[in-house]
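model this:
(chains A, B and C)
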Amino acid sequence: MIRRPNQSRTIILLVAPAIVFVIVFFILPLIFLLSQSVVLEDGSFTLTGYLDFFQSRVSRIVYLRTLRLGLIVTGICVLMSYPAAFVLARMPARRRSFLMSLVILPLMTNAVARTFAWLIILGRRGMINQTLLSLDLVETPLRFIFTETAIVLGLTQLFLPLMVLPLVSAMENIPDDVLEAARSLGANRLTTFLRIVVPLSSDGLVLGATLVFTGSVTAFVTPAILGGSRLLLMSTLLRQKAVILFDQHAAAVVAVVMIVTTLAVNLLLRVLRVKQS
Amino acid sequence: MPHLEIHDLTVSYEKNKPTLERFSLNVEQGELLSLLGPSGCGKTTTLRSVAGFIQPDAGRIVINDRDYTRLPPNKRDIGLVFQSYALFPHLTVFYNVAFGLRMRRIPKAEVHSRVSNALKMVGLEAFADRRPSQLSGGQQQRVALARATVIEPQVLLLDEPLSNLDARLRVDMRQEIRRLQQQLGITTLYVTHDQVEAMSISDRVVVMNQGAIEQIGTPERIFAAPETVFVADFMGFDNHFSAAVLSVKDGKLTVNWGGAPIELQWRSKLGSPHPGARAEIFFRADNASLLAGTERQGLPGQVILHTFHGNSLRYLVETQVGEFSIMQDSASERFEPGAAVRVRPHTEKWIAILEET
Amino acid sequence: MISRWMYISLVILYCFLLGPFIIIFMASFGANANLAFPPQGFTLDWFANVFETSQFIDSFWISLQLALLSTIVSLVMGMPVAYALTRFDFAASGTVETVFSAPILVPGLVIGFAMLNFFVLLGDMQVMTGLFIGHTAILFPYSVRVISASLRNLDPYVEDAAVSLGANRLRGFLLVVLPNMQAGIAAAFVLGFITSFNNVPVSLFLSGPGVTTLPVSMLSYLEYYFDPTIAALSTLLVIFTVVLVQAAERVLGLSQFV
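As a prediction, this is how the structure comes out:
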C-alpha cells in the first residue's frame, strides 16, 4: 500500500460512480423495503406486521423450519467435507486442481438444473422408489418429494462446494512439518487431526459454515421445487405473500426478517473468527 | 555548486507529525551519497520527494540549478531503482529497459543501440528477450539498474536495492552498482538500512533518525568517530557503558573504569563537558584485549563463554563495570569459560559521547 | 496421516456432488416421458423439444444479453473501486469494502423484491432495465473482489516506475497495469457472467411478461410440465459451463479467485 498525501480527490473520483449506483439502486430499495414493513397504507407507523409474523403459527413454523433445515444442512456439509478436504489439501497440485475444478463445476451450474436431478432420484417413479419396489421392500411408491429430507438433500448438494473450498484453502496452509511434529510428539492420526488440523483450519470452517447456512436459509429454487407450497421455507413464504396473496406489507416483513437473520449469522460468525485470530 | 540540493524539506502524512522536518542536504556532482537509518527514519520519504512521488508541505528540491519542487514525477529527469525492482512483468528485458526511451520519443534505431549498450554494461545482453519472471533476483536487479540509467538521468535514486538478495549476491551487486555509478559519473542517492552496505559503497553517508540528520560524513569518519549515541549504536559498536566524567583536559576527558582512570576522546553537541556529566562510552570488540588473570594491569573479569569466528574468537567477559564482548586472535592464548582474565582497553579507539538525557 | 476412510469420504463427496449430473445426463436421452428411472430407450427428442420451445430460446437470449451487459458494467465501475482499495491507504476503505460486499450478504430474493417495489415507486421502468440494475448490483462484490486480488498480485511500484521513466499516470496505468490485469479481468468476467446467467432469486421478481431469464423460465416450465426437456436443457447448460469453466481454469486458474 502506497501512502500519498492529498489523495482524497483521486479516491473519490475512482469510487464515486459505483458507490452512487449501489446507494441508489441497492441501499435505497432496501431502506424503502424496511419502511414498507413498518408503514401501513394510510401512512401510519406500525409494528403489527412483525407482531403478526411472530404470532402466526404458520410463519413461526416456517421460520423455525428454515433455521432448523439450515443447521442440518450445515452440519451435514461439515461432516462430508472435513475429511475429504484434508485429502484434497494434501494432494499433488495438478491432481488437486483437477479435482477442485470438479468441486467448482456444480457451483457454476444453475440451481434449477441441479435441483431437477432430485426429482428424478426421489420422484414417484424415481431411482429410489424403483429400487425399493424391485426389491419388494415397499408395495406402493413412497413420497419423498415435498418432504424435509428432499429439501435437505437438495440444499446439501447445492452448497457443499461452499464448504469444501474454504476448508481446502485453509488446510493447504498447514505445513506438513506441523503434522509430523505432532506425530513425533506422540499424537496418533485421530488426535493429530482433531488437535492440530481442526484448530488450524477453523477459519475455513467458520467461513464455510457462514456461506452454507446463509445460503440454505435464503435459497429459493430448491425449496420451491422440492418443498412446493406444502412445505414452505422463508423464501417460498416471501414469494407466496408477495405474488399469490399480494400482501406487500407482510412480504416486506418476511424479507426484513430474512435480512436480519442472515446479517446476524454473518456478524456472529465474524465475531467468532476475530476471537480466534 | 552542489548538483542536488534539498532545502528545508518538510513532509507529513499525518497532521502535526512530520516525517521530515526542515530537512536539508546537498549532493555533489557524481557523488554517491547514502541515506542510512532504521525504517521510519524518513530516508525513503526523502527519496520519494526527490523523485516527485511525494509533494512536500514545504521546502525546495533543486537539481542542476533548476527548481524541481513542483515538477510532476514524469517530467523529472530522474532514474529510480525500487526495492522490489518494479519490473514490468508483461514486457521483455529489452522493452523494460526501452520503456523510458520510448516515453521520450527517441527514434527506434537509437533506442535499440542505447538499450543494447545498457544491457551490455550490466552483462545481460544475452537476456534481452526474457521476461522478468525468467530471471534470477540478481539479474532482475541489473535490469532495474539498466532501465533507470539508460535514460541518462540527472540523478539516480536507489531505494534499498539489495535488500531482496541473499548475502553473497548482495556483496557482488554492491560492487557492481558502485562500478556502474562511477563509470557513468552519475549523482546518486542511495537509501539503505544496512550500515555495512552504506560504508562500502558511499562517498558520504548521512545517518538519519526520526526525520533528521544525526551525522553526515565519509564512511571512515562515521565508522570511527560517531557523534551521537544513536550513530554509535547504529554503527555496531559492540560495547557500551555509562560513566561519570572525572575531569576534562587537553581535548580529552577522564572517566573511571573499574577503579582506574582512563583518558578518552569525546564528542558533544552541548559544548565542552564538565566534571560530573554522564558520558556514554562505546568501543568495538577488537578495541580491547584479554590478558591472563595473573597480570597486574587491566580490569579483572571472568570469561562466560566464547564463540569461534575463523581467525578470531569472541569472548563474553563479565566485569564489575558490565559484560563486554571482546575479540581475540585465534592464535593467541585461549581462555576457557570460568577463567579469570584481565581486560586491557585500547582507549585511543574508544569514544565518549555526551548527550542530553 | 491420510487413512482409508478419508479416501472413502472423498469418494462419497464426489458421488454426491456429481451424481445428480450423471442422472440428468441419462434422463435427457431416455425415451420415457414420465422420467421413470432407469430411462428406457434412447432419443434426442427432448433436445429437439428444447429448441422448439420458444420460451427457452427467447429467455436464453435475454439471459445472454443480460449477463454480458451487467458483467461489463459491473467490471467497468468495479475496477476503479478495486484500484482505490488496493493502491491507496484511506480511512474509509473499510466502509467502501463493506458497501461493495453487501449485495452478497442480502438474500437475492429479497434484493429482487425490494428493487421491484422501489422501481414501481420510481414509475414506469422497462423490465430489462430492472433486471440489468439488479444483476449489476449483485455482481459488484465479485468484480471488486477478483480485480482486487489481481491488483494485489501486481507490485504497486510498477506504476511509479513507469512514471519515473516519463509516463503520466494514465499512460502508466494503460501501459503497465492494465496488461498485467488481463487474467484477473477475464476471471472476473467469467465469474460475473456465470453468476448472472444462473441467477434465479434476483430475476424472479424483476422478470415481467415476455421478458424472463432462462433459469426463471426453466422454473416456470417445471410448474406445468414434468418431462425430460428440462433434463436435456440442463445437460446443454452443463456442457456449456464445463467448456467455459475448464477453459478459464486451464488458462487462468479460476479456483484461486473463487
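
can you give me the strands for chain A?
In chain A, no strands are found when defined by DSSP state E.

domain map for it?
A:1-46, A:57-276 (automatic domain parsing).

tell me the secondary structure at whichever residue of chain B sits closest to chain A.
Relative to chain A, the nearest point of chain B is residue B:13 (5.7 Å; CB to the nearest CB). Just so you know, the C-beta spots here come from the backbone N, C-alpha and C atoms, and that holds for glycine as well. Here residue B:13 is recorded as strand under DSSP: H, G, I helix; E, B strand; the rest coil.

quick check, it in contact with residue B:19.
Yes. Here residue B:13 reaches residue B:19: they are 6.0 Å apart, a contact under CB atoms under 8 Å.

what's residue B:198 in contact with, if anything?
Listed by CB atoms under 8 Å, 6 or more residues apart in numbering or on different chains, the contact set of residue B:198 reads B:34, B:36, B:190, B:192, B:205, B:219.

from residue A:52, how far off is the last one?
Here the distance between residue B:219 and residue A:52 works out to 83 Å (CB to CB, to the nearest Å).

neighbour count: the two, which is higher?
Each of residue B:219 and residue A:52 has its neighbours counted (other CB atoms under 10 Å in any protein chain shown); residue B:219 has more, 18 against 13.

give me the nearest residue to the more buried one, chain neighbours excluded.
Closest residue to residue B:219 apart from its sequence neighbours, by CB to CB, 6 or more residues apart in numbering or on different chains: residue B:199 at 4.3 Å.

give me the number of residues near the one you found?
By other CB under 10 Å, neighbour count at residue B:199 equals 18.

find the nearest non-adjacent residue to whatever residue of the stretch 101-250 of chain B ends up closest to chain C, please.
Using CB to the nearest CB, the closest approach of the stretch 101-250 of chain B to chain C is made by residue B:103 at 3.4 Å. Setting aside the residues directly before and after it, residue B:103 is nearest to residue C:166 in space (CB to CB, 6+ apart), at 3.4 Å.

and residue B:92, by the same measure?
residue B:129 (5.3 Å).

the one you found looks like it's in a helix, true?
No. With three-state DSSP as the criterion, residue B:129 is located in coil rather than a helix.

count the neighbours of it for me.
10.

if we can go back for a sec, who's more crowded, residue B:13 and residue B:19?
residue B:19 (21 against 13).

pretty sure that one sits against residue B:39.
No. With contact defined as CB under 8 Å, residue B:19 does not count as touching residue B:39 (11.8 Å).

now, which of the contacts of residue B:198 lie within helices?
Judged by DSSP state H, the contacts of residue B:198 include residue B:219 as members of helices.

in strands only, show me the contacts of residue B:198.
B:34, B:36, B:190, B:192, B:205.

quick revisit: just the buried ones from the contacts of residue B:198?
Buried subset of these (neighbour count, 16 or more other CB atoms under 10 Å in any protein chain shown): B:34, B:36, B:190, B:192, B:205, B:219.

and residue B:328, backbone torsions?
Note on residue B:328: backbone dihedrals following degrees, to the nearest 10 are phi -130, psi 150.

partner residues bridging it?
Assessed by DSSP bridges, residue B:328 has beta-bridge partners residue B:313.

now for it: which residues touch it?
B:289-290, B:312-315.

in those residues, find the pair that's most separated.
Farthest apart among the contacts of residue B:328 by CB to CB are B:289 and B:314. That separation is 12.6 Å.

what residues are shared contacts of these two?
Common neighbours of residue B:289 and residue B:314, using CB under 8 Å, 6+ apart, are B:326, B:328.

for the residue in chain B sticking out farthest from the centre, helix, strand, or coil?
Going by CA atoms, centre = their mean, the residue of chain B most distant from its centre is residue B:294, 42.1 Å out. Using three-state DSSP, the structure places residue B:294 in coil.

cool, and residue C:155?
coil.

for the closest residue to residue A:172 other than its chain neighbours, which residues are in contact?
Among residues not flanking residue A:172 along the chain, residue A:89 sits closest, at 4.8 Å (CB to CB, 6+ apart). Contacts for residue A:89 (CB under 8 Å, 6+ apart) come out as A:96, A:167-168, A:171-172, A:174.

for chain B, what's its nearest residue on the stretch 51-200 of chain A.
The nearest approach of the stretch 51-200 of chain A to chain B comes at residue A:93, 18.1 Å away (CB to the nearest CB).

my guess is the residue nearest to residue B:92 meets residue B:95, correct?
No. Taking contacts as CB under 8 Å, residue B:129 lies outside contact range of residue B:95: 9.6 Å.

ok, the residue nearest to residue A:172 to residue A:187 distance?
On the measure of CB to CB, residue A:89 and residue A:187 end up 19 Å apart.

and residue B:330, what does it touch?
With contacts taken as CB under 8 Å, 6+ apart, residue B:330 has the following neighbours: B:308, B:310-313.

quick revisit: mind putting the ones in strands among the contacts of residue B:198 into JSON lines with pLDDT and distance to chain A?
Below are these laid out as JSON lines (pLDDT from 0 to 100; distance: CB to the nearest CB, whole Å):
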{"residue": "B:34", "pLDDT": "96", "distance to chain A": "23"}
{"residue": "B:36", "pLDDT": "95", "distance to chain A": "22"}
{"residue": "B:190", "pLDDT": "97", "distance to chain A": "21"}
{"residue": "B:192", "pLDDT": "95", "distance to chain A": "20"}
{"residue": "B:205", "pLDDT": "96", "distance to chain A": "27"}
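
which phi and psi values does whichever residue of the stretch 1-150 of chain C sits closest to chain B adopt?
Across the stretch 1-150 of chain C, the shortest distance to chain B (CB to the nearest CB) belongs to residue C:89, at 9.1 Å. Residue C:89 adopts backbone torsions of phi -110, psi 100, taken as degrees, to the nearest 10.

now do whichever helix or strand residue C:8 is part of: which elements does it pack against?
Counting by DSSP states H and E, the element that carries residue C:8 is helix C:4-29. If contacts are counted by 3 or more CB pairs under 8 Å, 6 or more residues apart in numbering or on different chains; DSSP states H and E, helix C:4-29 sits against helix A:57-89, helix A:93-107, helix A:111-122, helix A:148-172, helix C:45-52, helix C:229-252.
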